[in-house]
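Participant: my questions concern the predicted model and sequence given below.
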Amino acid sequence: MGNLNGEFSQKKSLSSFRSKALESWWEVLLLAGLGALAVALHQFLRLPLHLPGRHGIEWMALLLIGRGLSRSRYSGSIVSIGAAVTSALPIWAPLNDPFTWLTYLLPGLVVDLAFARLPRWAGSLPFLVVLGAVANTLQPLVQAVLSLAAGIHFGALGSGLAYPVATHLLSGFLGGLLGGLIVLGVRRAENRSA
């Protein structure tokens, strides 16, 4: 029991605040770790598909899992920041173009914006699938803009823009489907246990 001056309740609220702050830091580290994992998978997982955007499958799945299961409204951005920072590390530099960090950063911002603007749809599988496809397609679009504006050559755009956009849409669709199924499956399991 607390005394008349409220000493017990102050200690309890401070303890609660510290617990929530520690919990949120763990969540931030976990989300940023998902982004780092996406970059590591991109470098070490060699899918024999030879299609532009094929790594969008695991990238969109991890991004949507992080956003869909987190309580933070900025979780997509945190996942993307983790991926962008990891992709900018010197160990990845010889393998990527200098704008890889940007193509990792933008999808998280778009995902967070979509969740904020369309909260009614955020829990549906079609929304997550379409969102994964759209977010993954940002990469060839950004590369096309950089190519036009700065004259930078991107190998994936060698045959034009239509093919990379189509393959990025497809892999983003598959990543959105995978991530969406995992998010909805975890939510259903949580609802059953509650």
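Facilitator: On my side now, so go ahead. Fair warning: this is a prediction, and the values are worked out from it, not measured in the lab.
Participant: please, where are all the helices along this structure?
Facilitator: 7-44, 56-69, 75-87, 100-117, 125-136, 138-150, 162-193 (DSSP state H).
Participant: next, the angle helix 56-69 makes with the fourth one.
Facilitator: The one in question is helix 100-117. 40 degrees (axes from the mean of the first three to the mean of the last three C-alpha atoms, to 10 degrees).
Participant: mind listing residues that contact helix 100-117?
Facilitator: Residues outside helix 100-117 that contact it (C-beta atoms under 8 Å, 6 or more residues apart in numbering): 35, 38-39, 59-60, 63-64, 67, 73-81, 83-85, 87-88, 92, 122, 127, 131, 134-136, 138-139, 142-143. Bear in mind the C-beta positions are built from the backbone N, C-alpha and C, glycine included.
Participant: run the angle between that helix and helix 162-193 for me.
Facilitator: Using the same axes, to 10 degrees: helix 100-117 against helix 162-193 is 50 degrees.
Participant: so for helix 100-117, mean pLDDT?
Facilitator: Across helix 100-117, pLDDT averages out at 95.
Participant: okay, now residue 175: neighbour count?
Facilitator: 29 (other C-beta atoms under 10 Å).
Participant: now do the contacts for the closest residue to it other than its chain neighbours.
Facilitator: Closest residue to residue 175 apart from its sequence neighbours, by C-beta to C-beta, 6 or more residues apart in numbering: residue 60 at 2.9 Å. Counting by C-beta under 8 Å, 6+ apart, residue 60 touches 107, 132-133, 135-136, 171-172, 174-176, 178-179.
Participant: nearest to residue 53, of these?
Facilitator: residue 171 (4.6 Å; C-beta to C-beta).
Participant: so the closest one sits against residue 42, correct?
Facilitator: No: between residue 171 and residue 42 there is no contact under C-beta atoms under 8 Å: 11.8 Å.
Participant: mind listing the shared neighbours of those two?
Facilitator: residue 55.
Participant: look at the two and report which has more neighbours.
Facilitator: Per other C-beta under 10 Å, whichever of residue 171 and residue 42 has more neighbours is residue 171, with 26 against 23.
Participant: show me the contacts for the more buried one.
Facilitator: Taking C-beta under 8 Å, 6+ apart, one finds 51, 53-57, 60, 136 in contact with residue 171.
Participant: at 6 Å instead, please
Facilitator: If you count contacts by C-beta atoms under 6 Å, 6 or more residues apart in numbering, residue 171 has them with 53-54, 56-57.
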